[in-house]
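# Mind folding the following:
(one chain, ligands or ions: 1)
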Amino acid sequence: MKADDPIARFTRWFRQEVGAGTNSPETMALATCGIDGIPSVRYVLLKQADERGFSFYTDIRSLKGRQMAQNPRAALAFYWPRRGRQVRIDGSVERMTANEADEYWATRPIDSRFSASASHQSHRLKNREQLVARVAQLRRELKGKEPVRPNYWLGLRVVPDRIEFWVRAPFRLHQRELFMRNAGRWRKTLLQPLGLVPIETVLHRNRPVFG
Ligand SMILES: Cc1cc2nc3c(=O)[nH]c(=O)nc-3n(C[C@H](O)[C@H](O)[C@H](O)COP(=O)(O)O)c2cc1C
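Predicted coordinates:
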């Protein structure tokens, strides 16, 4: 394993959490921002992490889906308190192929597939009964057949260009290692952990970052 390969580091950290029995280590905050410039964040579940990026599944008609269609950038954050670790990932967003989505759809419990088929994620709902009735109606219509994957239910992948590993340390002298990808190569920089000075010299998309 290359010492400075952030994907390998992420995989090692993730496996350590799984090995330690951490509850849902795959839970990650996903931040998106549409053209109105108003950011929003929610949790989703990481399904795969490899050289290609970090993937999850969603309804692309949702708020996040619409924002990523307008602005195909996203940021992810994991926090694993057991070892005091945070991983932050910034990158561009790409859609996974229909085949990949079909494969994952087939592994989901059938009840979850009915739910995803009956729900229009993030759109207004009059009352809960309406949603439950839609699921029941779909079951009747399909007469025992399995629902096929709706074309709005897709896998998305955050292709990282920045990955930061943060480790808790005594007296808040936390360790921060930032990997930045340029022309396919990862370069590592250390970042200061505290906002002791007003403006840091490290630039984040041309905006100053408070260390
Ligand atoms: C632990 C956890 C895991 C979740 N995983 C997903 C997921 O993988 N995909 C998804 O679309 N929503 C997931 N959700 C629901 C989202 O947080 C959110 O409510 C939904 O996607 C709508 O978000 P949006 O309106 O910003 O698009 C999860 C919620 C929690 C609390």
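
# correct me, but residue 71 touches residue 34?
Yes - counting by Cβ atoms under 8 Å, residue 71 touches residue 34, with 5.8 Å between them. All C-beta spots, glycine's among them, are computed from the backbone N, C-alpha and C.

# Return the residues of the chain in contact with the ligand.
For the chain, the contact set with the ligand under Cβ under 6 Å from any ligand atom comprises 27, 40, 42-45, 56-59, 62-64, 121-122.

# can you give me the helices in this structure?
Assigned by DSSP state H, the helices in the chain fall at 6-19, 63-70, 98-107, 110-118, 128-142.

# Turn those helices into TSV, columns for distance to residue 82.
As requested, the helices of the chain are arranged in TSV below (distance: least, Cβ to Cβ, whole Å):
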stretch	distance to residue 82
helix 6-19	7
helix 63-70	28
helix 98-107	28
helix 110-118	28
helix 128-142	36
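
# okay, which residue of the chain is out on the far edge from center?
Centroid-distance maximum for the chain: residue 143 at 35.3 Å, with Cα atoms, centre = their mean.

# Just want the phi and psi numbers for that residue.
phi 40, psi 50 (degrees, to the nearest 10).

# residues contacting it?
Residues counted as contacts of residue 143 (Cβ atoms under 8 Å, 6 or more residues apart in numbering): none.

# can you check the one 10 residues further on too?
Taking Cβ under 8 Å, 6+ apart, we find residue 153 in contact with 57, 58, 59, 60, 101, 105, 116, 117.

# show me what contacts the residue lying closest to the last one once chain neighbours are set aside?
Excluding its sequence neighbours, the residue lying closest to residue 117 (Cβ to Cβ, 6 or more residues apart in numbering) is residue 147, at 4.3 Å. For residue 147, the contacting residues are 110, 113, 114, 116, 117, 138, by Cβ under 8 Å, 6+ apart.

# ok, the residues you listed vs residue 86, which is closest?
residue 116 (30.3 Å; Cβ to Cβ).

# so what's the nearest residue to the closest one once chain neighbours are set aside scoring on pLDDT?
Residue nearest to residue 116 in three dimensions, not counting chain neighbours: residue 153, with 5.4 Å by Cβ to Cβ, 6+ apart. Note for residue 153: predicted pLDDT of 96.

# What of residue 210?
Confidence score, pLDDT, at residue 210: 45.

# that older thread, so which of the residues of the chain next to the ligand is surrounded by the most neighbours?
Counting neighbours by other Cβ atoms under 10 Å, residue 64 leads the residues of the chain next to the ligand with 24 neighbours.

# so how many other residues sit close to residue 156?
Around residue 156 there are 24 residues (other Cβ under 10 Å).

# isn't it right next to residue 54, touching?
No - here residue 156 does not reach residue 54: they are 9.4 Å apart, not a contact under Cβ under 8 Å.
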